[in-house]
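K.L.:
Okay, sequence plus prediction incoming.
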Amino acid sequence: METVKKLNIVKDRTFESPIPKTVEEVALFISGMLREYQYMDQQAQFQTIPEYPEFAWFEGLINAVTHRDYSYAGEHIRISMYDDRLEILSPGKLPNTVTLNNMRTTRYARNPRIAKTLVAFRWVREMNEGVQRIFTEMETALLHDPIYSEPNGQYVKLTLENSSTSRILRSQDTLHNQIGKEILASLNEYEIAAVRLAYSKNDLTRKDLAAYLGRSLKLASSTLHALVEKNILHWHGSSLRDPHQYYTLNQQVEGADPPVGSH
C-alpha cells in the first residue's frame, strides 16, 4: 500500500448502512473483486476455483462485524485486497478470554445482540466452529493457514493468502504431464502462449489468441494450425470459414510425460 504521489489504490469504497444491509453490500463487492483460477482435474475436466474459499472471507467479515469493539468512535472495519492476500482489520482486541492461541476452540460474543441478529439472518451457520472451519477451508483449497494477529494490541487482523504463484506452478505441472516437458520446450513463444491460453479457456478462437498476443489474426491462425498439426490442439468447426470455429487442448498428447503414479 502506497501513499501520496505513489498512491496505488484501485478501488476505495465505504459502507455505512445498517449491519444487515452492509454485510450484503460488502459481500457482493468482495465477490465481484475476486479472481478465479482454472485447472484440469484427474479426469481431464476443467475446474474453476476462486481466489479464496467463500466461507473463509465471509466468515472473517461476519466475525469482524460481530466482535469488533464499537466503542472505538470514528474507526471502521477495514478490508484490504492485495495481489497476494486479503486482510480484514477489526477495531478492538480479542474479547474476554479469547486469545490468538485458543481462538480456534474458545468462543465469546462481545456483542451478543448483533450475534443473535446474524444468526437470525442465517449468516452464522456454524456457531461453534467458524474460525476452525476457516482453517479447514483454506487447507482444502491448498492455501496457507489463515493468519490472525493483534496489531498494536488495538486491532484483530485476519490475513488470507492466495498463493497465486503456487496455483500457477500447479497449472504448469499439469501441462507438463499432459503435453510433456520436451514437447513444450520445442514450441516457440507464440505456441506456448496459445497452449497456456487454451488451458485456461474452454474454447480458444483466433481472435482470443490475437488479442492475447497483441498480434495479427494471420499469426494467430498459423500458430493454432501448427499446434493442430502437432496434435496438441483440436480444431472444432464445419469449415475454415466457420465463424464459430474454435480450438481445445487435447486431453493427452502422444509422447507426453506419463501421469505421476502411472506404470
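P.N.:
Yep, that arrived.
K.L.:
what's the pLDDT at residue 206?
P.N.:
Residue 206 carries a pLDDT score of 92 in this model.
K.L.:
residues in contact with it?
P.N.:
Residues in contact with residue 206 (Cβ atoms under 8 Å, 6 or more residues apart in numbering) are 217, 220, 221, 224. C-beta here means a position set from N, CA and C on the backbone, and glycine is covered the same way.
K.L.:
how close does it get to residue 63?
P.N.:
48 Å (Cβ to Cβ, to the nearest Å).
K.L.:
One more: residue 27?
P.N.:
13 Å.
K.L.:
Of those two, which one has the most company?
P.N.:
Neighbours per residue, other Cβ atoms under 10 Å: of residue 27 and residue 63, the larger number sits with residue 63, 20 against 16.
K.L.:
Please identify the helix or strand for that one.
P.N.:
helix 54-67 (DSSP states H and E).
K.L.:
With residue 80 instead?
P.N.:
With DSSP H and E as criterion, residue 80 is part of strand 78-81.
K.L.:
if I look at residue 224, how far off is residue 189?
P.N.:
14 Å.
K.L.:
So between these two, which is more surrounded?
P.N.:
residue 224 (26 against 9).
K.L.:
What segments of the chain are strands?
P.N.:
Assigned by DSSP state E, the strands in the chain fall at 36-40, 46-50, 78-81, 85-91, 147-149, 155-161, 233-236, 246-249.
K.L.:
Which residue ranges of the stretch 101-250 of the chain form helices?
P.N.:
Ranges of helices within the stretch 101-250 of the chain are 112-120, 130-140, 164-179, 181-185, 189-200, 206-213, 217-229, based on DSSP state H, counting those that start in this stretch.
K.L.:
So what's the residue count around residue 64?
P.N.:
Count around residue 64 with other Cβ under 10 Å applied: 22.
K.L.:
Was I right to think it contacts residue 90?
P.N.:
Yes: taking Cβ atoms under 8 Å as the definition, residue 64 is a contact partner of residue 90 at 3.9 Å.
K.L.:
overlap in contacts of these two?
P.N.:
77, 156, 158.
K.L.:
Between the residues you listed, which sits nearest residue 210?
P.N.:
Within the shared contacts of residue 64 and residue 90, the smallest distance to residue 210 is 42.4 Å, found for residue 158 (Cβ to Cβ).
K.L.:
Quickly list what that closest one is bridged to.
P.N.:
Counting by DSSP bridges, residue 158 forms beta bridges with residue 88, residue 148.
K.L.:
In contact with it, which residues?
P.N.:
60, 63, 64, 87, 88, 90, 134, 146, 147, 148.
K.L.:
Only whichever of the residues you listed are buried, select them in PyMOL.
P.N.:
Only the buried entries of these go into this PyMOL selection, using 16 or more other Cβ atoms under 10 Å:
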select buried, resi 60+63+64+87+88+90+134+146+148
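K.L.:
Looking at the contacts of residue 158, which is nearest residue 197?
P.N.:
Among the contacts of residue 158, and counting by Cβ to Cβ, the member closest to residue 197 is residue 87, at 31.7 Å.
K.L.:
Perfect, that will be all.
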